[in-house]
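> Sequence and predicted structure below; questions after.
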Amino acid sequence: MHRFRKKPKKGEEGCDGDEIACDSASSHSSSNEPIVESPFPGYVFACRLQDIPLNGGLKCKVGGKVLGVFKIRNSKGSKLYAISNRCAHQGFPLHRGNVEEVSGDNCVVCPAHGVRFNLRTGTAMDQNKYQQHVYQTKVFEGKVWVQLS
């Protein structure tokens, strides 16, 4: 089971203004937060679907990992992606990058150096030596769940 809290206000500790935090039930979160049990074995709560900007990303801290969760709508329809948020090239936060379609694939562009990562595979489109970890996602009742393994 996981506890979640609403997006911290800008300026609060640990918040850069565009993230959601998720803590395990054994954390020191206040007891008045709702507890959500995963409807999918092996998946943990990441964020609310409505908190992810359309054609953009949201930084989520889940199970000790920091993910960029992206909601993309294009000619192929809508899709969610979860990827390790720190750029494998220089460590910058990918959730702040622009999203673009490259050769039919959705990619996030690192805001620091322009490396484009395929959101489905995690592979750098321009430099195959860089690889981001990707995570499977599911949506249930407006909540986004990720598989961390």
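The structure has been received and is ready for your questions.
> Which elements pack onto the helix or strand hosting Q136?
Element membership of Q136, judged by DSSP states H and E, is strand 134-140. Applying 3 or more Cβ pairs under 8 Å, 6 or more residues apart in numbering; DSSP states H and E, we find strand 134-140 packed against strand 43-48, strand 77-84, strand 143-147. Any C-beta I mention is one placed from the backbone N, CA and C, and that applies to glycine too.
> and it with strand 77-84, angle?
If you take axes from the mean of the first three to the mean of the last three Cα atoms, to 10 degrees, strand 134-140 sits at 130 degrees to strand 77-84.
> Can you list the strands that strand 134-140 pairs with?
Strand pairing for strand 134-140, using DSSP bridges, gives strand 77-84 (antiparallel), strand 143-147 (antiparallel).
> just so I know, which of those strands lies nearest Y43?
With Cβ to Cβ as the measure, strand 143-147 is the member of the strands paired with strand 134-140 nearest Y43 (3.9 Å).
> mind listing what's buried in that closest one?
By 16 or more other Cβ atoms under 10 Å, the buried positions in strand 143-147 come out as 143-146.
> how far away is E100 from N106?
8 Å (Cβ to Cβ, to the nearest Å).
> The two - which one has more neighbours?
N106 (19 against 15; other Cβ atoms under 10 Å).
> Tell me which residues touch the more buried one, please.
70, 72, 74, 79, 81, 99-100, 118-120 (Cβ atoms under 8 Å, 6 or more residues apart in numbering).
> Run through the strands of this structure in chain order.
Ranges of strands in the chain, per DSSP state E, are 2-5, 19-24, 35-36, 43-48, 56-62, 65-74, 77-84, 99-102, 105-109, 116-118, 134-140, 143-147.
> low-confidence ranges in this protein?
By pLDDT under 70, the low-scoring segments of the chain are 1-36.
> give the contact list for the most centrally placed residue in the chain.
In the chain, the centroid-proximal residue (Cα atoms, centre = their mean) is V69; its distance is 2.2 Å. Residues in contact with V69, defined by Cβ under 8 Å, 6+ apart, are 46-47, 52, 57-58, 60, 80-82, 95, 137, 144, 146.
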